[in-house]
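S.K.: here is my input; please provide its structure:
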Amino acid sequence: MSEFKGIPIVPPQRAARSGDKYTTAQGFTAIKDGVKGPAAVPATPVARSAQRLPPWLRAPLAAGTEFSAVRQIVREHRLSTVCEEAKCPNIGECWNAGTATIMLMGAVCTRACRFCAVDTGNPRGWLDAEEPENVARSVQLMGLKYVVLTSVNRDDLADGGSAHYAAAIRAIKRRNPDTAVEALTPDFQGVLRDVQTVVDSGPEVFAQNLETVRRLTHPVRDPRAGYEQTLNVLRGAKAHRSALLTKSSLMLGLGETDAEIRQAMVDLRGAAVDILTLGQYLRPTPNHLSVARFVTPREFDEYRDQALALGFLECVSGPLVRSSYRAEQALARNNAGIVNAAPAPAAATLSAARRDP
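M.R.: This is a model prediction of the structure:
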């Protein structure tokens, strides 16, 4: 088998395995699931023990009539979804409810965050010019009144893909004028002109994820991402259109402390962020960062209370929450209908290291 910089290049006769480098249908190379081979992330003794999932992390099966209908629409319109590409545990629930989070600009990201299972590579400027209209038709076929658009990072494009993103939002609005759009965007390398391009296209909600606390930003996120960069993007979006709802998300269970979580909340409120989501980090493949602890449902309730006390309009908080999970319910002020049942004491966190390091 041939190699590229020590990474095996997959021959055409077999499907790429996690960590393999392969050639896409568009002719550029990418790494399957975003992180190369098994030796990329050494496991610690605590992390190895953390991989057995507690009972509160059971998700519905990815099957059913509605699930199949959504999958057919996605395939027919050549769409990517974060549900599939990021291996979201909620795909069964969401697709069976007739909704999906659409991922723009392809399924290959120019960044390699160590928590994320989206393939990474350099698309070299490739874009599907028909994607905005295909997305709008899909939203129409699914009958969505609220849709979340996300995207890969496209650092290979001069504007980070902001014009393409905006075109998709405008196409949705033309075909579906009553549909609300949430734009869960990349950081556009902090270029506020590109942020404003998306904001001006008319989304009701603008989201950019902080992902983790300041101390863990690197190595959790790609070196081109940044804690302050994300805060500045969110601050800039709100400053450009004050009526816009802004939103961000934190993954928990990567080794952060309670004090660091609270400080991240304070920093987000300082950037005038309206909505926060909190969920459990789950390791998508053995090549990715390990889980340091499983946060209990009771703790998620406590973090939600803290966020609301800091002034967030809503904090959707729970083990299986992802940034786009039940997004249309975020302002119902009821934790998006999530009930975090208290676990037995024996099922509590696998790591006691929640205090300041």
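
S.K.: list the buried residues of stretch 297-317.
M.R.: 297, 299-301, 303-304, 306-308, 312, 314-317 (16 or more other C-beta atoms under 10 Å). C-beta coordinates here come from the backbone N, C-alpha and C atoms, glycine included.

S.K.: take these and lay them out in CSV including pLDDT and secondary structure.
M.R.: Shown next, in CSV, are these (pLDDT from 0 to 100; DSSP: H, G, I helix; E, B strand; the rest coil):
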residue, pLDDT, secondary structure
Pro297, 95, helix
Glu299, 97, helix
Phe300, 96, helix
Asp301, 96, helix
Tyr303, 98, helix
Arg304, 96, helix
Gln306, 98, helix
Ala307, 98, helix
Leu308, 97, helix
Phe312, 97, coil
Glu314, 95, strand
Cys315, 96, strand
Val316, 93, strand
Ser317, 95, strand
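
S.K.: for Asp156, helix, strand, or coil?
M.R.: Secondary structure state of Asp156, per DSSP: H, G, I helix; E, B strand; the rest coil, is coil.

S.K.: spatially, which two of the buried residues of stretch 297-317 are the most separated?
M.R.: Pro297 and Phe312 (19.3 Å; C-beta to C-beta).

S.K.: and the helices in the stretch 201-350 of the chain?
M.R.: 217-220, 227-240, 258-270, 297-309 (DSSP state H, counting those that start in this stretch).

S.K.: just name the most buried of these.
M.R.: helix 227-240 (a mean of 20; mean count of other C-beta atoms under 10 Å).

S.K.: quick one, phi/psi of Leu149?
M.R.: With angles defined as degrees, to the nearest 10, Leu149 sits at phi -110, psi 130.

S.K.: touching, it and Tyr165? I think so.
M.R.: Yes: using C-beta atoms under 8 Å, Leu149 makes contact with Tyr165 at a distance of 7.2 Å.

S.K.: what sits in contact with each of these two?
M.R.: Here Leu149 and Tyr165 share the contacting residues 104, 183, scored by C-beta atoms under 8 Å, 6 or more residues apart in numbering.

S.K.: more crowded one of those two?
M.R.: Tyr165 (27 against 24; other C-beta atoms under 10 Å).

S.K.: so that one is in which element?
M.R.: Using DSSP states H and E, Tyr165 maps to helix 162-175.
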